[in-house]
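Chemist: Attaching a predicted model along with its sequence, questions to come.
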Amino acid sequence: MGILSFLSDVKITLKFLFLVGSLALHKYGTSVAFINHVRCTDFQKSGLSVPPSQTQDIVQNSEIPRQNRQPLIRTLMAKEVAVYAEGQDASELFALYNAPPPECDSNCCVPIKTGILKARGEVHRDGDWHRSVHIWIGDDKGNLMLQRRSKFKDTFPNCWDVSAGGHITGYDSVMETAVREVEEEVGLELPEQAFMHVCCVPSRLKGTTKRHGDFYDNEFQDMYLVIIEGLQLDDMTIAEGEVAEIKFMHYTEARKEYDAGNQLYVPRPKLYFKSLFEKMDKLFGGQTAVRRSPIPAQANTRP
């Protein structure tokens, strides 16, 4: 009888704790803790991408009252949609710069700030001059790593592009942005001395996407080159939502694709590739191509 009494007491205690937990879920159901528990299909039904974390379904597997489930999902989706699902945060602030003088079209230039900050979405809508950093990562055989941009990018989605890169937001420096973007996009932690500055090039691009409409991307692009001996694609871990996939391509083959105007590759000014490939020629002297196969995003990704 003592054992049965003990088990009965334990059962009552567990029920009490379960009830307290349920009440806590009810009261604090919109807390950040639930962001990672939204069913992926809820995003799919809304026409959005599946989030990086494959999570449990709070609607079917929680004690949240039924009448509160859909409002909670909408709240969490709104948080996720703002940044991840769209692939971009339209509200992040860019520092604006004066338009480049004509001589910058044929020579590396030094951007001059206006002292004004403006939201990303408005900058690409209005064509304001801003600044970005581009990092080309290669091995010691002349192969460059290219990334295919996420389909959620507000400029040139699904196109092949520079190894890693991003806009310089707020008052961040060029170098700290370069180091951060490489770590975030391809998972490599590199010291500042690994980055060889190539050139700062003004770029004027315009286009349209189904998701974001027309865009005018006028930016100064600070270009860096990083060469890593024995680098393999498996050494890198790509950020899902930012990068679709990565591949190696010998720089001589990449030069042919860009010279031919292949529309699967993000276009760049003549000075951009002239500066990059001249640097590669000095380092590798036109070595013959060593082919490397692309690695799909799902094979080596991180949230």
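Modeler: On my side now, so go ahead.
Chemist: how about low-confidence regions in the stretch 1-150 of the chain?
Modeler: Along the stretch 1-150 of the chain, segments meeting pLDDT under 70 span 1-88.
Chemist: how about the strands in the stretch 101-250 of the chain?
Modeler: Applying DSSP state E, counting those that start in this stretch to the stretch 101-250 of the chain gives strands spanning 113-119, 129-138, 143-149, 160-161, 164-167, 196-209, 213-227, 238-239, 243-250.
Chemist: Just confirm Glu242 contacts Glu184, I think it does.
Modeler: Yes. Using C-beta atoms under 8 Å, Glu242 is in contact with Glu184, at 7.1 Å. Every residue, glycine included, has its C-beta placed from N, CA and C.
Chemist: The two: who's more crowded?
Modeler: Between Glu242 and Glu184, counted using other C-beta atoms under 10 Å, the more crowded position is Glu242 (23 against 16).
Chemist: Would you quantify the distance from the more buried one to Glu278?
Modeler: To Glu278, Glu242 is 29 Å away according to C-beta to C-beta, to the nearest Å.
Chemist: and if you look at His130?
Modeler: Distance of His130 to Glu278, computed by C-beta to C-beta: 26 Å.
Chemist: So if I had to pick from those two, which one is more boxed in?
Modeler: Shown here are His130 and Glu278; by other C-beta under 10 Å, His130 has more neighbours (23 against 12).
Chemist: before we move on, what SS does the nearest residue to the more buried one once chain neighbours are set aside have?
Modeler: Spatial nearest neighbour of His130, excluding adjacent residues (C-beta to C-beta, 6 or more residues apart in numbering): Phe94 at 4.2 Å. Classification of Phe94 by DSSP: H, G, I helix; E, B strand; the rest coil places it in strand.
Chemist: where in the stretch 201-303 of the chain is pLDDT low?
Modeler: Along the stretch 201-303 of the chain, the parts satisfying pLDDT under 70 run over 212, 286-303.
Chemist: ok, back up a step: who wins for proximity to Lys274 among the strands of the stretch 101-250 of the chain?
Modeler: For the strands of the stretch 101-250 of the chain, proximity to Lys274 was assessed by C-beta to C-beta; strand 196-209 is nearest, at 8.7 Å.
Chemist: So what touches the closest one?
Modeler: 100, 104-105, 108-111, 127, 129, 136, 153-157, 214-227, 267-269, 271-272, 275-276, 279 (C-beta atoms under 8 Å, 6 or more residues apart in numbering).
Chemist: of those residues, buried ones?
Modeler: Buried members of those, counted by 16 or more other C-beta atoms under 10 Å: 100, 104, 109, 111, 127, 129, 136, 153-157, 215, 217-227, 268-269, 271-272, 275-276, 279.
Chemist: And the contacts of stretch 266-276?
Modeler: By C-beta under 8 Å, 6+ apart, stretch 266-276 touches 105-108, 136, 149, 156, 159-162, 198-199, 201-205, 221, 223, 225, 251, 255, 258-259, 261.
Chemist: I only care about these that end up buried; give me the PyMOL line for that.
Modeler: In PyMOL, this line selects whichever of the contacts of stretch 266-276 come out buried by 16+ other C-beta under 10 Å:
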select buried, resi 136+149+156+159+160+161+162+198+199+201+202+203+205+221+223+225+251+255+258
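Chemist: Which residue is the nearest non-sequential neighbour of Lys98?
Modeler: No Lys there; residue 98 is Asn. Per C-beta to C-beta, 6+ apart, closest to Asn98 is Ile112, 4.7 Å.
Chemist: Pop the domain breakdown of this protein in here.
Modeler: By the assignment in automatic domain parsing, the chain contains the domains 2-85, 93-302.
Chemist: Tell me how far Gly166 lies from Val174.
Modeler: 11 Å.
Chemist: any common contacting residues for the two?
Modeler: Shared contacts of Gly166 and Val174 (C-beta under 8 Å, 6+ apart): Val133.
Chemist: The residue nearest to Asp128 when sequence neighbours are not counted - how many residues pack around it?
Modeler: Leaving aside its chain neighbours, Asp128 sits nearest to Leu96 (5.2 Å; criterion: C-beta to C-beta, 6+ apart). Neighbourhood size, Leu96 [other C-beta under 10 Å]: 17.
Chemist: okay but Leu96 is in contact with Trp129, surely?
Modeler: Yes. Judged on C-beta under 8 Å, Leu96 makes contact with Trp129 at a distance of 6.3 Å.
Chemist: Who are the contact partners of Cys104?
Modeler: Neighbouring residues of Cys104 by C-beta under 8 Å, 6+ apart: Val201, Pro202.
Chemist: got the contact list for Leu146?
Modeler: Listed by C-beta under 8 Å, 6+ apart, the contact set of Leu146 reads Trp160, Asp161, Val162, Ser163, Ile246, Lys247, Phe248, Met249, Ala254.
Chemist: For the first one, list each beta-bridge partner.
Modeler: According to DSSP bridges, the partner residues bridging Trp160 are Arg148, Tyr265.
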